[in-house]
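Student: Generate coordinates for the sequence data below:
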Amino acid sequence: MLTVSHKISIPDDEIEITAIRARGSGGQNVNKVSSAVHLRFDINASSLPDVYKRRLLALPDSRVSKQGIIIIKAQQYRTQEQNRDDALKRLADMIRGVSRTAKPRRPTKPTRQSQQRRLNSKTKHGQLKITRRKVDIGP
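Tutor: Purely as a prediction, here's the structure:
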């Protein structure tokens, strides 16, 4: 049972974890031992609330496939148990991320004083550039 928050937990039978061989450098340990972990989580078939399912499916994340399956590959650690825990933690973090609702943005207008300061600064900068011009001495 993966506990995401005090309200949400995911049963183990909804999460598919398979051991695979890790890639990259590491010598004999990488070549012999299947220490990396592939975690697969089907969003549509899960027991998550519909709100979370919709938000997870709408994520612009490469780990979410078009079929609605989250695929997480964990190969950072040398042992399979640490990689398994890392993959589960990343899945929980992903679900926690969609559980928060973003505060709605209220558009604001600049104050009259800030507009005036901006215009004054532009005028001052223009005057400075005028003083840098070549002095024209008449004939």
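Student: neighbouring contacts of the helix or strand harbouring residue 126?
Tutor: For residue 126, the enclosing helix or strand under DSSP states H and E is helix 112-131. Helix 112-131 is contacted from outside by residue 110, using C-beta atoms under 8 Å, 6 or more residues apart in numbering. In this view, the C-beta of every residue, glycine as well, is placed from N, C-alpha and C.
Student: how about a cut-off of 10 Å?
Tutor: 109-111 (C-beta atoms under 10 Å, 6 or more residues apart in numbering).
Student: Switch those over to CSV; also include distance to residue 77, pLDDT and neighbour count.
Tutor: Output for the contacts of helix 112-131, formatted as CSV (distance: C-beta to C-beta, whole Å; pLDDT from 0 to 100; neighbours: other C-beta atoms under 10 Å):
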residue, distance to residue 77, pLDDT, neighbour count
109, 52, 95, 7
110, 51, 95, 10
111, 53, 96, 9
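Student: Redo those as CSV? Include distance to residue 60.
Tutor: Below are the contacts of helix 112-131 laid out as CSV (distance: C-beta to C-beta, whole Å):
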residue, distance to residue 60
109, 31
110, 31
111, 35
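Student: where in the protein is pLDDT low?
Tutor: 24-32 (pLDDT under 70).
Student: ok, which stretches of it are strands?
Tutor: Counting by DSSP state E, one finds strands in the chain at the ranges 2-3, 9-10, 15-20, 36-42, 69-74.
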